[in-house]
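Peer 1: Any chance you can model this:
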Amino acid sequence: MNAITAELPIPPEPAAPPRMRWELAGIALATIMCNLGLLAGMRSETLAFLPSEAMSGSWWQWFTWPLVHVSGYHLMMDLTGFLSVFVLLGAMSVRRRWALVAASVAGSVALPLLLSSTLHTHGLAGLSGPAHGLMAAAALSYTLDARRQNDRTTFWIFGGLFAGVLLKVTWEVATGTIILSPAHFGNVGTPIVSTHLGGVIGALLAYGLSIPCKRRTVLRAVFSVGLILLPMSLENGPGGPFYGIG
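Peer 2: Okay, the predicted model is just below:
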């Protein structure tokens, strides 16, 4: 190797695809617009999900609840986390990427709607449930791709991340406590722990349906864990200040 070759610069890491940049900007803008009331100390309660209202004419709550947050701190934490995870889906097609988003949002509200009494008194808001779902799907996608390419380092990194997400939502559902919740520096609302598990189940179900049949077997254990733990995720709590976190 000569000196000229040795001094060639290392190519920079690829940036997010141009189309994804618009998607990221759109998500950020929509979320911020839905929380402008926080500047005046007001929450957008009409956009958060409250079952009694959503089923009595406020149909938009089925779609807007992930964008609403209880405080500036809650907004910063959720939006930063969600966008960071969304970037990991950059290699997927736009249609597949947004199918995972839709499934994780649906699962994040559907499971608490079935199992959580707290949801009916506190409501639901926030992006953390969908973010957990996208993280699980992205980690599993990278793990399976690394296994196919025999990339052991990537396999163990993302395989460990995938296992960590599953262990986290499992522990939360089993104990009824959000991990690291005492470490928050600001208001994040009343935890509804089953929303994280719901987001994971929804996203993994959508991901499983989008891959070749012979690879779907990998997901069976994941769904089994979720189904076994569903009865443990009942959340009973007194009514309180609006609203639960997602």
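Peer 1: Against Pro112, how distant is Arg43?
Peer 2: Between Arg43 and Pro112 the computed distance is 19 Å (C-beta to C-beta, to the nearest Å). From N, CA and C alone the C-beta is placed, and that goes for glycine too.
Peer 1: out of those two, which sits in the busier spot?
Peer 2: Between Arg43 and Pro112, counted using other C-beta atoms under 10 Å, the more crowded position is Pro112 (28 against 20).
Peer 1: helix or strand right after the strand or helix carrying the more buried one?
Peer 2: Secondary structure from DSSP states H and E places Pro112 in helix 94-115. Once the chain leaves helix 94-115, the next helix or strand it forms, by DSSP H and E, is helix 117-122.
Peer 1: Could you give me the buried positions within that following helix?
Peer 2: For helix 117-122, a neighbour-count test (16 or more other C-beta atoms under 10 Å) marks Thr118, Leu119, Thr121, His122 as buried.
Peer 1: would a markdown table of those residues with pLDDT and distance to Ala28 be doable?
Peer 2: Shown next, in a markdown table, are these (pLDDT from 0 to 100; distance: C-beta to C-beta, whole Å):
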| residue | pLDDT | distance to Ala28 |
| --- | --- | --- |
| Thr118 | 83 | 29 |
| Leu119 | 87 | 27 |
| Thr121 | 84 | 31 |
| His122 | 85 | 26 |
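Peer 1: And the longest helix along the chain, what does it pack against?
Peer 2: Taking DSSP state H as the criterion, the chain has its longest helix at helix 152-175. The contact analysis (3 or more C-beta pairs under 8 Å, 6 or more residues apart in numbering; DSSP states H and E) places helix 152-175 against helix 128-149, helix 194-210, helix 220-229.
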